[in-house]
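J.: Sequence and predicted structure are below.
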Amino acid sequence: EPEVTQTPSHQVTQMGQEVILRCVPISNHLYFYWYRQILGQKVEFLVSFYNNEISEKSEIFDDQFSVERPDGSNFTLKIRSTKLEDSAMYFCASREGPQGNQPQHFGDGTRLSIL
Amino acid sequence: ELKVEQNPLFLSMQEGKNYTIYCNYSTTSDRLYWYRQDPGKSLESLFVLLSNGAVKQEGRLMASLDTKARLSTLHITAAVHDLSATYFCAVDIYNQGGKLIFGQGTELSVKP
C-alpha cells in the first residue's frame, strides 16, 4: 500500500539553526499538510498546501516557517531559526482530494529536538 | 474557534470489558475521523464518518456520528491487549483546506 515517507526520522539541532524536514506524499495525492505533536499533547495543524500554494495556516506557522514543493514528489517544511519550543514530532500528511471519504494519510513523523 | 474534546483522556480497562470514548466538537461538521496512534508511531486511520447517523465497525471497534449533537463515539467491545494505544478523533474543516482539528486523545490501556 502506498505510504507517506518522512526523513529524517530524528533531527537534533542547535537553537537558532535552520532545519528542513522532508516528506514524500503519496504519488496521486493533491493536498498536503504539516502537523506537529509536542510530547504527550494533541496533534496540532500547522499548514495545508494545494496547487502549489498555502491554503490555510495556523497561528503557530509564523514567519519562521515555510513550506515548499520543490519538485513533483517532495514537500518540505523549513524552520529558519529554531527555538527550544519547536521541539516536537512533525507529521506530514497527504490526501487524494477534498472529498470527505478520503482521509488524510500520515507519515511516521520526524522527531525534532532543539538543544 | 473549533474545539474538539474527548473523554476520558485516560482509560484503563480489563480484557473482555466494554467501554465508550466520547468526542464532542463545537461547530457544524459532517466529517469526522478516528485515528489510532501507538507510542512513538504515526497516526493510522480507523474510521471515516461522513453523515448524521453514520456507523462503522471494524473488529472490536465501532464508531458512530451524531451531527445534531456534535458527538461521535468509539465503542470498544470485549477489549484485548492489542487495542492498547492512543485514540484521536479529528474534525475536518473542509472549507478551510481540509485541515483536521484533533481532540486531545484518549490513552487506552487494556490489562489482562
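T.: Received, thanks. Numbering: from 1, shown residues only, chains lettered A, B, ... in the order given.

J.: Which residues of chain A lie near chain B?
T.: A:31, A:33, A:35, A:41-45, A:48, A:50, A:55-56, A:58, A:91, A:95, A:98, A:100-101, A:103-109 (C-beta under 8 Å from any C-beta of the partner chain). The C-beta positions use only the backbone N, C-alpha and C, and glycine is treated the same way.

J.: what about 7 Å?
T.: Within chain A, the residues that sit near chain B (C-beta under 7 Å from any C-beta of the partner chain) are A:31, A:33, A:42-43, A:45, A:48, A:50, A:55-56, A:91, A:95, A:98, A:100-101, A:103-109.

J.: neighbouring strands for whichever helix or strand B:Ser72 is part of, and are they parallel or not?
T.: Using DSSP states H and E, the element containing B:Ser72 is strand B:71-76. Using DSSP bridges, the strands paired with strand B:71-76 in its sheet are strand B:19-25 (antiparallel), strand B:61-66 (antiparallel).

J.: What are the boundaries of the strands in chain B?
T.: For chain B, strands defined by DSSP state E occupy the ranges B:4-7, B:10-14, B:19-25, B:32-37, B:43-49, B:55-58, B:61-66, B:71-76, B:85-93, B:99-102, B:106-111.

J.: Any idea how many residues pack against A:Glu44?
T.: The tally of other residues near A:Glu44 (other C-beta atoms under 10 Å in any protein chain shown) stands at 18.

J.: no, scratch that, I was asking about B:Arg60
T.: 14.

J.: Check A:Asp71 too.
T.: Neighbour tally, A:Asp71, other C-beta under 10 Å: 7.

J.: related to what we said a few turns ago, now mean pLDDT and mean neighbour count too, for the strands of chain B, in a markdown table please.
T.: Below are the strands of chain B laid out as a markdown table (pLDDT from 0 to 100; neighbours: other C-beta atoms under 10 Å in any protein chain shown):
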| stretch | mean pLDDT | mean neighbour count |
| --- | --- | --- |
| strand B:4-7 | 96 | 18 |
| strand B:10-14 | 94 | 14 |
| strand B:19-25 | 96 | 19 |
| strand B:32-37 | 95 | 23 |
| strand B:43-49 | 93 | 20 |
| strand B:55-58 | 95 | 12 |
| strand B:61-66 | 96 | 20 |
| strand B:71-76 | 97 | 19 |
| strand B:85-93 | 92 | 23 |
| strand B:99-102 | 92 | 24 |
| strand B:106-111 | 95 | 17 |
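
J.: relative orientation of the lowest-mean-pLDDT helix or strand in chain A and strand B:85-93 in degrees?
T.: Here the helix or strand of chain A ranked lowest by mean pLDDT, DSSP states H and E is strand A:53-57, holding a mean of 91. With axes from the mean of the first three to the mean of the last three C-alpha atoms, to 10 degrees as the basis, strand A:53-57 and strand B:85-93 are set at 110 degrees to each other.

J.: and strand A:53-57, what does it pack onto?
T.: strand A:43-50 (3 or more C-beta pairs under 7 Å, 6 or more residues apart in numbering or on different chains; DSSP states H and E).

J.: quick revisit: run the chain-centre distance for the least confident helix or strand of chain A.
T.: 12 Å (C-alpha atoms, centre = their mean, to the nearest Å).

J.: cool, and stretch B:52-72?
T.: That offset, for stretch B:52-72, works out to 9 Å (C-alpha atoms, centre = their mean).

J.: Compute the first-to-last residue distance for it.
T.: 10 Å (C-alpha to C-alpha, to the nearest Å).

J.: Kindly reformat the strands paired with strand B:71-76 as TSV and extend each row with distance to B:Asp82.
T.: Formatted as TSV, the strands paired with strand B:71-76 follow (distance: least, C-beta to C-beta, whole Å):
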stretch	distance to B:Asp82
strand B:19-25	15
strand B:61-66	11
